[in-house]
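Student: Show me the folded form of this:
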Amino acid sequence: MTTRPPTKSIRSWTTDTRRWDVYRPRDGDIVVATPAKCGTTWMIQIANLLVGQSPEPKPIWSLSPWLDVRDYPVEELLANLESQTRRRVIKTHTPSDAMPLHDSVRYIHVARGGLDAFMSWHNHVTSYTALALGEMDAIGLQDEIIARPYPRPALGLRDFFHAWMTEGDGARLADDMPAARYFAIERSFWADRRRENVLLVHYNDLKADLDAEMRRVSAFLNIPIDEQLWPSLVEAARFENMREAGPTLMPGGRGTWQNGHESFFHAGTNARWRTVLTPDDIALFEDRLARETSPALARWLAGGRRDAGDPRQTED
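Tutor: The predicted structure follows:
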């Protein structure tokens, strides 16, 4: 088995990429790797539906653990993975260069426009419960490179936007998933987009034609399609149906968010930022997008495969 080792590590209030050291890959493992609020849970649900060949909703967190999350002892997460007898689906919000890449593992990366991801992220972090905030405070205070409680997000969306946009070393202490980390994840998978075991999917394309994108994923995972079963799998992967099945998909959601799964499955829509950010705010992001990405990557992030073409065939 060929493995490309990580070249860096990331530690935040939620993530410690050193946890990948305990991972023992199995042939056919599926890793879903995205920035936060870019369709992670959506793609995990799709992968689990394809692997399980059943539209029945099942608890996502226990079925597909977030390997490098700091909420649970790493031994507990590893035991969960090792006990699974079916093809495994694993979650992460880690850049491809901060985790090992195994040739025998399939990696699915979902991209989304940065301002759309930001809007969903703001709703996500301003919905945390006191319990969740307290747990992250403890993690931050116990980690010598963080050494501080979790920064409380500004309720005002524009104030939070400017904190999220912090640059330099201060970015990692301004927010758990700042714009700097969003760009790092997107650049890393864009660089790896031609690897045979890496598939890039875009949130916009999932919304535009879920059936077609699920067929792409199925082909990438080498999972044959049962055409009689297929419509029910696609329906089970639609946002509205996932939200309705939220109590089953995310039974522990009320421990993390004030309204449980309803906060997590908030809107699932794009372009909400147009009515709340100012032209100067949008220009600030667009300037940074141009500095942080190649023109081809910027086009992909803005529009997805239908607007920017197949990433494997796209030149920078």
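
Student: Okay, buried residues for stretch 52-61 please.
Tutor: 55, 57, 60, 61 (16 or more other Cβ atoms under 10 Å). Using the backbone N, CA and C atoms, a C-beta is placed for each residue, glycine as well.

Student: Give me the residues contacting it.
Tutor: 41, 44-45, 48-49, 86, 226, 229, 232-233, 235-236, 242, 245, 248-252 (Cβ atoms under 8 Å, 6 or more residues apart in numbering).

Student: Need phi/psi at the nearest residue to residue 276 once chain neighbours are set aside.
Tutor: Nearest non-adjacent residue to residue 276, counting by Cβ to Cβ, 6 or more residues apart in numbering: residue 157, 5.4 Å away. Main-chain torsions, residue 157, degrees, to the nearest 10: phi -60, psi -40.

Student: can you count the residues close to residue 157?
Tutor: By other Cβ atoms under 10 Å, 19 other residues sit near residue 157.

Student: and what of the one 4 residues further on?
Tutor: Residues contacting residue 161 under the criterion other Cβ under 10 Å number 23.

Student: can you check residue 291 too?
Tutor: For residue 291, using other Cβ under 10 Å, the count is 9.

Student: swap in residue 256?
Tutor: Count around residue 256 with other Cβ under 10 Å applied: 21.

Student: cool, and residue 186?
Tutor: 27.

Student: part of a strand, is it?
Tutor: No - counting by DSSP: H, G, I helix; E, B strand; the rest coil, residue 186 is not part of a strand but helix.

Student: how near is it to residue 79?
Tutor: Plainly put, residue 186 is 32 Å away from residue 79 if you go by Cβ to Cβ, to the nearest Å.

Student: Repeat that for residue 144.
Tutor: Distance from residue 144 to residue 79, by Cβ to Cβ: 27 Å.

Student: Would you map the helices across the stretch 51-200 of the chain?
Tutor: With helices called from DSSP state H, counting those that start in this stretch, the stretch 51-200 of the chain shows them at 60-63, 74-83, 114-125, 130-142, 157-164, 171-174, 179-191.

Student: any idea of the pLDDT on residue 76?
Tutor: Residue 76 is assigned a predicted lDDT (pLDDT) of 92.
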